[in-house]
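[1] Give me a 3D structure for the following:
(2 chains)
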Amino acid sequence: AQSVTQLGSHVSVSEGALVLLRCNYSSSVPPYLFWYVQYPNQGLQLLLKYTSAATLVKGINGFEAEFKKSETSFHLTKPSAHMSDAAEYFCAVLTSYDKVIFGPGTSLSVIP
Amino acid sequence: GAVVSQHPSRVICKSGTSVKIECRSLDFQATTMFWYRQFPKQSLMLMATSNEGSKATYEQGVEKDKFLINHASLTLSTLTVTSAHPEDSSFYICSALGRTNTEAFFGQGTRLTVV
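    Predicted coordinates:
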């Protein structure tokens, strides 16, 4: 079964520092992978997606992620954290049964 | 990107009553929609897959008689929480697969509080 894991339920960075949120997937077929952000009491906003084109994917708000098949990873990065980046981040995979399955999420805190 | 509209955004109901949540794809036809439930500080849990014109497919552990799903048209799916109880209080989010089936678009969620 396809699944997603996110290492670190909570990540804390200083404003201006590098953001790195980890995501690993398990899939026997080339996956479609996504990163979503969720602010408190709101729905999901798509940050970026990998759909088997370029392995380095650029998203909104300065985020990017790199698909590494050898590591089965799709880590999310941003060079410089901003206070407004504090939110919950979810990695997700579109399974072969056309279902989107979410990882457990990582809560990002940004320290001024 | 495609737009999915979910209504209402918040609802408070009395224990024992039923609540209907609507999910609409505004600018595309969605043959498949999904319903998720999210508990505080937790991830989204897939409840069921809704297919237009057929019965919904429920994930293991989800009571189909409690959570009634209807996908009557290519742009509308509804989730009805029947005989709601306080433990049904949660954040419910719907999503719809886009035309190419390579991305899901999400509604803004419904905060259900059962008192």
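[2] lowest-pLDDT helix or strand in chain B?
    strand B:104-106 (a mean of 88; mean pLDDT, DSSP states H and E).
[3] who does that strand pair up with?
    Paired with strand B:104-106 in the same sheet, following DSSP bridges, are strand B:90-97 (antiparallel).
[4] Centre of the chain to the strand it pairs with, how far?
    Relative to its parent chain, strand B:90-97 has a centroid offset of 5 Å by C-alpha atoms, centre = their mean, to the nearest Å.
[5] CA atoms only for that strand - export them in CSV, please.
    Provided in CSV are the C-alpha atoms of strand B:90-97 (Å, rounded to 0.1, in the frame of the first residue of the first chain):
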residue,chain,number,x,y,z
SER,B,90,-14.7,17.6,13.9
PHE,B,91,-13.3,19.4,10.9
TYR,B,92,-14.7,17.8,7.7
ILE,B,93,-13.0,18.5,4.3
CYS,B,94,-14.0,17.4,0.9
SER,B,95,-11.9,17.2,-2.2
ALA,B,96,-12.4,16.4,-5.9
LEU,B,97,-10.1,15.0,-8.5
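[6] Residues contacting it, please?
    The set of residues that contact strand B:90-97 without belonging to it, under C-beta atoms under 8 Å, 6 or more residues apart in numbering or on different chains, is A:41, A:43-44, A:98, A:100, B:2, B:4, B:6, B:21, B:23, B:25, B:28, B:30-40, B:44, B:77, B:79, B:103-112. C-betas here are computed from N, CA, C, even on glycine.
[7] Filter these down to the buried ones, ChimeraX style.
    The ChimeraX selection below is limited to those of those classed as buried (16 or more other C-beta atoms under 10 Å in any protein chain shown):
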select /A:43,44,100 /B:4,6,21,23,25,28,30,31,32,33,34,35,36,37,38,44,77,79,103,104,105,106,107,108,109,110,112
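[8] Just give me the residue closest to the centre of chain B.
    B:Trp35 (3.7 Å; C-alpha atoms, centre = their mean).
[9] For that residue, list the residues it contacts.
    The neighbourhood of B:Trp35, defined by C-beta under 8 Å, 6+ apart, consists of B:Cys23, B:Leu46, B:Met47, B:Ala48, B:Ser50, B:Phe67, B:Ile69, B:Ser77, B:Leu79, B:Tyr92, B:Ile93, B:Cys94.
[10] Can you tell me the closest non-neighbouring residue to the first one?
    Spatial nearest neighbour of B:Cys23, chain neighbours left out: B:Cys94 (3.4 Å); criterion: C-beta to C-beta, 6 or more residues apart in numbering or on different chains.
[11] Read off the pLDDT value for the residue lying farthest from the centre of chain B.
    Distance from the C-alpha centroid of chain B peaks at B:Thr100, with 21.2 Å (C-alpha atoms, centre = their mean). For B:Thr100, the model assigns a pLDDT of 73.
[12] Which of the three states applies to it?
    Reducing the assignment to helix, strand or coil with DSSP: H, G, I helix; E, B strand; the rest coil, the entry for B:Thr100 is coil.
[13] Please list all residues in contact with the residue of chain B found nearest chain A.
    Using C-beta to the nearest C-beta, B:Gln108 is the residue of chain B that sits closest to chain A, at 3.8 Å. The contact partners of B:Gln108, taken as C-beta under 8 Å, 6+ apart, are A:Gln42, A:Gly43, B:Ser5, B:Gln6, B:Ser9, B:Ile93.
[14] give me every residue that touches A:Ser96.
    So, once contact is read as C-beta under 8 Å, 6+ apart, A:Ser96 ends up touching A:Gln2, A:Val29.
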